[in-house]
Structures are given as C-alpha cells and as structure tokens.
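1. Provide a 3D model corresponding to the input given below.
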Amino acid sequence: MSLALKHKQRVLEQGPVATDEVYTPNTALAGPANAQKHLALMSTALAEDCARLSDLNNMGERQRLKRDELLPKYLDYVQRYRESGLNHPNPVLMQVLVWLFDTEQFEAGLELADFALQQGQAMPERFKRDIPTFIADALIDWAEAEYDAKRSPEPYLSQLLPRVDGEWQLFERIPARYHKLLGVLAMDQKQWAQAITHFERATALYPGIGVKTRHEEATKALRRQAN
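-> Model prediction:
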C-alpha cells in the first residue's frame with residue numbers, strides 16, 4: 001500500500017473530528033485541535049519514512065531519498081505550520097531541519113533554524129545537543145571536509161562565525177575549529193595578519209586546537225613581508 005493510501009486510510013479510521021471544525025487538507029492547521037491531528041498524521045508518516053532510510057545501506061541513496069522525495073514531501077507541511085502562527089513542539093519540523101543540513105541545503109536550513117530557535121523547539125530525542133550546537137557541528141564538519149577535498153567552504157564558514165563565536169553559547173572547541181580553518185584559508189591567500197588573528201583566537205578559546213606551527217609560519221611570513 002502506498003504512503004498516500006495509508007494516510008487516507010488512517011484519516012478514515014479516525015472518523016469525524018470531534019470539534020466544530022471540518023478537517024480537510026486546506027484547514028488542517030486552521031486551529032490547535034486540527035493542527036494536533038495533522039501533526040499526529042505527519043509524525044506517523046515520518047516514522048515510516050525514517051524506517052525506509054534506515055533500510056538503506058548506501059549513503060548516496062539516503063541522500064537522494066532525503067533531497068528528492070522526503071524534503072519536498074514535508075516542506076509543504078512545515079511552511080503551512082510556519083504560516084499558521086501556531087507554536088507547539090513539532091518533531092516533523094525538526095526532522096526537516098536535520099535533513100536540510102544532511103543534504104547541505106544550508107541557506108534553507110539556517111533560515112528554518114532561526115524560526116525553530118524563536119519557537120523554542122527541541123532537537124529530536126536521539127540528538128543530545130541543542131539547535132546551535134547541532135548547526136555549528138554540522139557546518140564545521142562539512143567545511144573541513146570541503147577544504148580537504150580542495151573546495152571552498154565559503155561563504156557559510158565566515159557567515160556563521162559571528163553566531164558561533166559570540167551569539168551562541170557553545171563548547172569552546174567548536175568556535176576554535178572555525179577560527180582554525182579560517183586561519184588556514186587566510187594563509188592560503190597569504191593574508192598573514194588575518195591568519196594570525198584567527199589562530200590566536202582559536203588558541204584562546206581552546207589551547208589544544210593545534211595551530212602553533214601555523215601561527216609561527218604566519219608570523220614569520222608577516223615579518224618578511226614587512227621588511
């Protein structure tokens with residue numbers, strides 16, 4: 001049975017809505033009662049789709065399923081929830097947030113994260129981190145991998161720095177990783193003073209970040225440049 005037919009069957013089995021509101025796709029988020037019913041249906045569908053992902057052993061296939069099928073499926077619901085003006089715990093919204101970062105759709109992910117933070121949403125139960133820590137970790141993991149693959153992690157790395165080192169309260173090693181990579185990028189561009197600034201900040205945040213040799217190289221290069 002297809003997911004669409006399963007969804008329809010669940011709606012029929014539940015019978016009429018025990019309120020004065022008529023529950024249809026267009027009015028699913030028209031009020032708190034209908035919104036909770038719709039969230040329950042979406043959560044059930046989400047559990048089924050997460051099980052589908054778990055059955056896939058190939059990472060590429062998982063990414064394809066998330067990007068091409070699951071995100072388009074749930075983003076419509078998330079957008080209608082955002083437009084509804086409602087504010088309640090919404091695990092569907094948060095799973096969509098995770099998938100946006102999983103599939104490297106950072107602009108959409110950061111925009112949705114701002115909304116989730118405003119609402120005080122929590123990460124799915126399996127995550128032992130809050131939203132800022134999840135975002136900061138996901139972005140720096142990606143950025144370091146991009147650099148190792150000889151691709152630029154910009155503009156996202158620089159764009160997120162003011163939040164990572166300032167707005168958000170994070171374990172110090174996380175913003176230190178940002179400064180370390182930004183320092184390495186500055187060295188590649190022979191921007192020695194900028195590199196030194198990032199390395200010094202990285203060390204101040206987390207002394208074990210491992211930038212001593214690079215800091216010394218950048219300092220010597222800056223002196224040679226000045227002579």
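2. for residue 29, which non-adjacent residue is spatially closest?
-> Among residues not flanking residue 29 along the chain, residue 84 sits closest, at 4.1 Å (CB to CB, 6 or more residues apart in numbering). C-beta here means a position set from N, CA and C on the backbone, and glycine is covered the same way.
3. separation between that neighbour and residue 175?
-> Here the criterion is CB to CB, to the nearest Å. By it, residue 84 lies 35 Å from residue 175.
4. still on that earlier bit, neighbours of the residue nearest to residue 29, just the number please.
-> For residue 84, the count of nearby residues is 16 (other CB atoms under 10 Å).
5. just checking, it touches residue 35?
-> Yes - assessed by CB atoms under 8 Å, residue 84 is found in contact with residue 35 at 6.7 Å.
6. joint contacts of these two?
-> By the contact definition CB atoms under 8 Å, 6 or more residues apart in numbering, residue 84 and residue 35 are jointly contacted by residue 29.
7. pull out the buried positions in the top helix by length along the chain.
-> For the chain, the helix that runs over the most residues, judged by DSSP state H, is helix 32-54. Under the neighbour-count criterion of 16 or more other CB atoms under 10 Å, helix 32-54 has 34-35, 37-39, 41-42, 45-46, 49 buried.
8. that helix packs against which elements?
-> In terms of contacts (3 or more CB pairs under 8 Å, 6 or more residues apart in numbering; DSSP states H and E), helix 32-54 is packed against helix 3-14, helix 59-65, helix 71-84, helix 91-102.
9. give me whichever of the ones you listed is most buried.
-> A comparison of the helices and strands packed on helix 32-54 by mean neighbour count, using mean count of other CB atoms under 10 Å, puts helix 91-102 on top with a mean of 21.
10. helices and strands around that one, which ones?
-> Helix 91-102 packs on helix 32-54, helix 71-84, helix 106-119, helix 131-148, going by 3+ CB pairs under 8 Å, 6+ apart.
11. still on that earlier bit, so the residue nearest to residue 29 versus residue 34, what's the distance?
-> Residue 84 is 10 Å from residue 34, by CB to CB.
12. how about residue 203?
-> Distance from residue 203 to residue 34, by CB to CB: 54 Å.
13. contact partners for the residue most central in space within the chain?
-> The chain has residue 101 as the residue nearest its centroid, 4.0 Å off, counting by CA atoms, centre = their mean. Contacts for residue 101 (CB under 8 Å, 6+ apart) come out as 109, 134-135, 138-139.
14. quick check, pLDDT for the residue nearest to residue 29.
-> Looking at residue 84, its pLDDT reads 91.
15. possible to save the helices and strands packed on helix 91-102 as a markdown table with distance to residue 65?
-> Below are the helices and strands packed on helix 91-102 laid out as a markdown table (distance: least, CB to CB, whole Å):
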| stretch | distance to residue 65 |
| --- | --- |
| helix 32-54 | 6 |
| helix 71-84 | 9 |
| helix 106-119 | 17 |
| helix 131-148 | 19 |
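16. weakest of those helices by average pLDDT?
-> helix 32-54 (a mean of 91).
17. angle of that helix against helix 71-84?
-> Computed by axes from the mean of the first three to the mean of the last three CA atoms, to 10 degrees, the angle separating helix 32-54 from helix 71-84 equals 160 degrees.
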